[in-house]
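[1] this is the structure alone, sequence omitted:
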């Protein structure tokens, strides 16, 4: 967090005890605040998304551990400017609990809070730390789009409604070739043989749908994309924002290979990739693997996606 | 390359047989062309740096293999607009040979070519594929700064002279915790025990200065930075552009930890980090490790650094 603050002094400020990151530029009275947070180890999420047009604050917990309510509450006081705050919360039991407590503390202090729950991972219904689907890649899209809506002056209920639309229209799935090692644990979270992969893995190494023999990048893309396409389902003629996300230990050249195949699969289904991200956005420390996220995007969502953003990890 | 072209149609175009990547926007008559290339596996270098204000063309070879003269020559014909072309070449024997042949072929066709050789790696004097020092992180700085000078209308000899200044005032060093696996080889390039690291490793897994017991992030930073500081040497009161670069398999959170320490070491020496990059810019497939690059920057270099750039990997 100190490193981020030193690297990006024009974008963000770090506060310690309790820990949170806030935008460096001044608050605009009447602008809805947009706040997210979660365990560390997923960088650039969330601190790398703090800045103009995206998050006002991020609350990092310890590695793969939820932030505490006092962190979240303190960050709210730092960014509150009278129009309320949207919490963007990934669906993990600890995160929900702590954000809920923070929301109650804020409301008791007269701060209006709405919560947007992200649960876009189509791999499994319930997981190690989750009732329902896990929240993964769509978090990036929700933070960008809700951030743009707030920047444009939308009131809290409208920013939250746009976020819910993103959640309803977005789906993700991931896979891993290796596990990461959580420093405090000191050994891999799971062990795959050299010729195995885990399809549908979670961003904390939670088990996926199936452990299977390693396949080519094209075959892996086919598996992930088919599951995602069928889940919403994504319709012929629709436009999407697509992300091919690296889990932290995957070379960028491989992510572009995955994107190439995904683009062809979309062509085959007459789905237009209107915008895209290819890179490391929601990582799992040094895990080798990737995920695909698709968001069916109408004019409103594309317009908010295209709005200027100035953060460490997204900038246009 | 196809994936990059699909992901960034507004920035770049891919040409196949021979393979090269060029800017998507129209050539400006009289603008010096800036071209680089080298083995693949180092992404986003070089294709991710093609676009307005940086490279006009990139020529990717196979993984860790030099591009061929016919690739380079074809790319030159595609970007030549009458003012000559600067080749930015990392100091590896194969690259030098093939860029030299391409330069002769171009000159025989009336295209003026100048070559900027990058050899910033302070780790070792000669290496596996290199006579003299290897070219690594400063390549990114040279491509940005020479690209800005060319965009601003500087003639070829001036763009080359600015590039030489970058080379003279820049130094890098890297380290690795694990090797990558070159796909065509199928086994790690080198093997480190779990509690070992290679200090001064090259971006193709070439041996470094010393294999030693694993140390903390702060201690690793101290070793790399001290070697770099002393080599130029970087003087008290100077301003630098600093890069903490991931080798492909290192979590971003760890790169920020390295940057935090580097910033403190610079404070101690009264060296001001005026600009910085923290992320994966010159990778070695999925190698776990990092490198530090420092460039002593005067007003001219900072001005060119700050000039607008619009590429897949750098954008401001």
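    All right, it came through fine. Small disclaimer: the values here were computed from a predicted structure and weren't measured.

[2] which SS class is residue A:292?
    Three-state assignment for residue A:292 (DSSP: H, G, I helix; E, B strand; the rest coil): strand.

[3] who's in contact with it?
    By CB atoms under 8 Å, 6 or more residues apart in numbering or on different chains, the contact list for residue A:292 reads A:137, A:172-174, A:221, A:224-225, A:228, A:242-245, A:258, A:262. Where C-beta positions appear, they are placed from N, C-alpha and C, glycine not excepted.

[4] repeat that with 7 Å
    A:172-173, A:224-225, A:228, A:244, A:262 (CB atoms under 7 Å, 6 or more residues apart in numbering or on different chains).

[5] before we move on, what about residue A:288?
    A:176-178, A:247, A:249-250, B:286.

[6] make CSV out of these and add secondary structure.
    Formatted as CSV, these follow (three-state DSSP):
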residue, secondary structure
A:176, strand
A:177, coil
A:178, coil
A:247, coil
A:249, coil
A:250, coil
B:286, strand
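
[7] for ChimeraX, what selects the buried ones among the residues you listed?
    Here is the ChimeraX selection string for the buried members of the contacts of residue A:288, based on 16 or more other CB atoms under 10 Å in any protein chain shown:
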select /A:176,177,178,247,249,250 /B:286
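
[8] ok, and the most crowded of the contacts of residue A:292?
    Comparing the contacts of residue A:292 by number of neighbours (other CB atoms under 10 Å in any protein chain shown), residue A:172 comes first, having 32 neighbours.

[9] mind checking the SS state of that residue?
    The three-state label given to residue A:172 by three-state DSSP is strand.

[10] ok, the residue most central in space within chain A to residue A:281 distance?
    Residue closest to the mean C-alpha point of chain A, counted by CA atoms, centre = their mean, is residue A:139 at 2.9 Å. Going from residue A:139 to residue A:281 by CB to CB, to the nearest Å gives 9 Å.

[11] how about residue A:235?
    26 Å.

[12] these two: which is more packed in?
    Higher neighbour count among residue A:235 and residue A:281: residue A:281, with 24 against 11, using other CB under 10 Å.

[13] A strand includes that one, no?
    No - assigned with three-state DSSP, residue A:281 falls outside any strand and is coil.

[14] tell me the contacts of it?
    Contacts of residue A:281 by CB under 7 Å, 6+ apart are A:44-45, A:140, A:243, A:245, A:313.

[15] contact partners for residue A:220?
    By CB under 7 Å, 6+ apart, residue A:220 lies in contact with residue A:175.

[16] ok, which of the contacts of residue A:281 also contact chain B?
    residue A:44 (CB under 7 Å from any CB of the partner chain).

[17] secondary structure and neighbour count added to the contacts of residue A:281, as TSV?
    Shown next, in TSV, are the contacts of residue A:281 (DSSP: H, G, I helix; E, B strand; the rest coil; neighbours: other CB atoms under 10 Å in any protein chain shown):
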residue	secondary structure	neighbour count
A:44	coil	24
A:45	coil	30
A:140	helix	30
A:243	strand	27
A:245	strand	27
A:313	coil	23
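
[18] of all the contacts of residue A:281, which comes closest to residue A:110?
    Using CB to CB, residue A:45 is the member of the contacts of residue A:281 that sits closest to residue A:110, with 29.8 Å.

[19] got a pLDDT number for that closest one?
    pLDDT recorded at residue A:45 is 98.

[20] those helices in chain A, which residues are they?
    Assigned by DSSP state H, chain A shows helices spanning A:2-7, A:69-79, A:93-108, A:138-151, A:156-169, A:217-231, A:252-268, A:299-306.

[21] most packed of these?
    helix A:138-151 (a mean of 28; mean count of other CB atoms under 10 Å in any protein chain shown).
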